[in-house]
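Trainee: need coordinates for the below:
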Amino acid sequence: MDPDAAAPVIALVGSGEFTPAMADVDRGLLAATGQQRPRVAIVPAASWPDGEAVFLRWAAQGQAHFLALGAEPVPVIVGDRTSADDPVAAAAISGADLVYLSGGKPGHLLEVLRDSAAGAALRAAHARGAVIAGCSAGAMVLGGRQFQVGGRAFLRRPVGWQDALGLVPGIVVVPHYDAVPETLVAPLVLAAPDGTRVIGIDEETAAVGRDGAWQVQGRGRVTVWQGHRRERFRAGSVVRF
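Mentor: Predicted coordinates:
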């Protein structure tokens, strides 16, 4: 990427991918590509553990959503480590103007993308200037660290921490933030690695940023924790992390 060019846009979405609630956010992401008819790589890999029918439904929903917005969407059929090394799938990701990682199981998604051709293609697309968006599990893997999920009690007792993809270093993303009592998030915040900000993103809400400046978009709020300090930001606000 040209060092004088603006940093590529990244969107961290709390929930609501491929639904009318996020259409305005997605129009903005398409505009940020600078292309008249952007190529969008739909990557539903996080939903693979839920079964092929669920996986294909997310792929089709993403395709229909972005087609209606005037884009050229391509579902990328990557669900496990074998398919993640498929050169055709990797080429679809690396050549996209917008790469969208939808929700599901964050641990599985990270395993699929780490050290695979698909993961390398995602980094290459980002370095080239493509817009990268992740929703729920897709947002979690873009941070610097990721908490390991241990069932419904995961917020009370995180199993541990692992390095995520690091496209947004120094943060941990908690999606669906307004769907969980904040008292259950507190232990996660206190257990976060030193120097790490915990970013809580409400449902149908996004933090869209570049160069460390993030605008809150959608119906809800973004909550930023650093240690015991908590700040909240509503739609239209700009937060730096």
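Trainee: flag every buried residue along stretch 115-127.
Mentor: Buried residues in stretch 115-127, counted by 16 or more other Cβ atoms under 10 Å: 116-123, 125-126. Using the backbone N, CA and C atoms, a C-beta is placed for each residue, glycine as well.
Trainee: send the alpha carbons of the helix or strand of the chain with the lowest mean pLDDT over as PDB?
Mentor: Across the helices and strands of the chain, mean pLDDT, DSSP states H and E gives its lowest value to helix 182-191, namely a mean of 85. C-alpha atoms of helix 182-191 as PDB (Å, rounded to 0.1, in the frame of the first residue of the first chain):
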ATOM      1  CA  GLU A 182     -22.900  -5.400  32.000                       C
ATOM      2  CA  THR A 183     -22.200  -7.000  35.400                       C
ATOM      3  CA  LEU A 184     -21.300 -10.200  33.500                       C
ATOM      4  CA  VAL A 185     -18.900  -8.300  31.300                       C
ATOM      5  CA  ALA A 186     -16.900  -6.800  34.300                       C
ATOM      6  CA  PRO A 187     -14.900 -10.000  35.000                       C
ATOM      7  CA  LEU A 188     -13.900 -10.100  31.400                       C
ATOM      8  CA  VAL A 189     -12.800  -6.500  31.500                       C
ATOM      9  CA  LEU A 190     -10.800  -7.000  34.700                       C
ATOM     10  CA  ALA A 191      -9.100 -10.100  33.200                       C
END
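Trainee: all strands of this protein, in order?
Mentor: Applying DSSP state E to the chain gives strands spanning 10-13, 39-43, 72-75, 98-101, 131-135, 145-147, 161-163, 171-174, 197-201, 205-210, 213-218, 221-226, 229-234, 238-240.
Trainee: between those strands, which gets nearest to A31?
Mentor: strand 131-135 (9.5 Å; Cβ to Cβ).
Trainee: elements contacting that closest one?
Mentor: Secondary-structure packing of strand 131-135 (3 or more Cβ pairs under 8 Å, 6 or more residues apart in numbering; DSSP states H and E): strand 10-13, helix 23-32, strand 98-101, helix 117-128.
Trainee: appreciated, that's everything.
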